[in-house]
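In: next input, structure requested:
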Amino acid sequence: MLKQNAQSTPKGIKNIVLVHGAFADGSSWAKVIPLLQAKGYNVIAVQNPLTSLEDDVAATTRAIALMDGPVLLAAHSYGGMVITEAGNDPKVAGLLYIDALIPNDNQSVVDVIQPYPPSPGNKEFQQDASGFLSLSFKGIDSYFAQDLNAADRKVLYATQIPWAAKATTTKISKAAWKNKPSWCIIGLNDETVPPTLTRAEAKMLNATTLELRSSHVPMLSQPDKVADFIISAAQTL
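Out: Below you'll find the model as predicted:
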């Protein structure tokens, strides 16, 4: 079982599994992880392969299994699809979503976004001959991470992981949030998953909600606020 050294024992849940979204990897959480570790939390950032929803759920489930007790699952963007399925694991005590896509039972990414106009960021998705999606530089620069500095935006573009298009049409089975407490962060300047959608999702979940004046990546632009919200959730479980 994974157990990290800590200076203090946190109140509530001490294990946190962080799940990244599309076009990203576990380094999405690089600014949040040290803040959580400094407070004594055991943290794993999942490395989703982004080859299918099933593969990403399996990777997250393996990370949950490594923890030595109950887990708070936190996810960004498409990672919300992943934890809504993986969160049915009995070790998961709560779910925290950050600018995320949150499905109901038997819904896919396409089902979740269908009622809403395509976001500016969505229009910058590019599919290759192998059926994988990437995000254009304009998409990263203007609609995904526009509140990061120019150098960081260029790094995000260069290091993005292609996302299997088939993952957008795969449906989850049972939505874990129906039986577990949930939290949502809503980026008010998000041009990829718009706040009209994330607010509707938070209402559907009856989630505890934090709104930030951020782009789609508040864990990079406002890591202190994101970490504090994760800690407050963990302390209530």
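
In: can you report how many residues neighbour Thr236?
Out: 14 (other CB atoms under 10 Å). (C-beta placed from N, C-alpha, C; glycine too.)

In: mind checking pLDDT for it?
Out: pLDDT recorded at Thr236 is 96.

In: quick check, it in contact with Leu72.
Out: No: here Thr236 does not reach Leu72: they are 9.7 Å apart, not a contact under CB atoms under 8 Å.

In: between these two, which contacts overlap?
Out: Common contact partners of Thr236 and Leu72 (CB atoms under 8 Å, 6 or more residues apart in numbering): Gly94.

In: ok, Ser182 - contacts?
Out: So Ser182 contacts Gly94, Leu95, Leu96, Tyr97, Leu205, Asn206, Ala207, Thr208 (CB under 8 Å, 6+ apart).

In: go on, Asp56?
Out: Residues in contact with Asp56, defined by CB under 8 Å, 6+ apart, are Val19, Asn48, Pro49, Leu50, Gly79, Val82, Ala167.

In: ditto for Gly26
Out: Contacts of Gly26 by CB under 8 Å, 6+ apart are Leu18, His20, Ala45, Val46, Gln47.

In: for the last one, pull up the helix or strand it's in.
Out: Right, the one you point to is Gln47. For Gln47, there is no enclosing helix or strand under DSSP states H and E.

In: picking that back up, so which of the contacts of Ser182 comes closest to Trp163?
Out: For the contacts of Ser182, the minimum distance to Trp163 (CB to CB) is 18.1 Å, reached by Tyr97.

In: so what does the residue minimising distance to the centre of the chain look like in phi/psi?
Out: What sits nearest the mean C-alpha location of the chain, by CA atoms, centre = their mean, is His76, with 1.6 Å. The phi/psi pair for His76 (degrees, to the nearest 10) reads phi -110, psi 140.

In: that one and Asp190, how far apart?
Out: The gap separating His76 from Asp190 is 11 Å, by CB to CB, to the nearest Å.

In: anything in contact with each of these two?
Out: Asp99.
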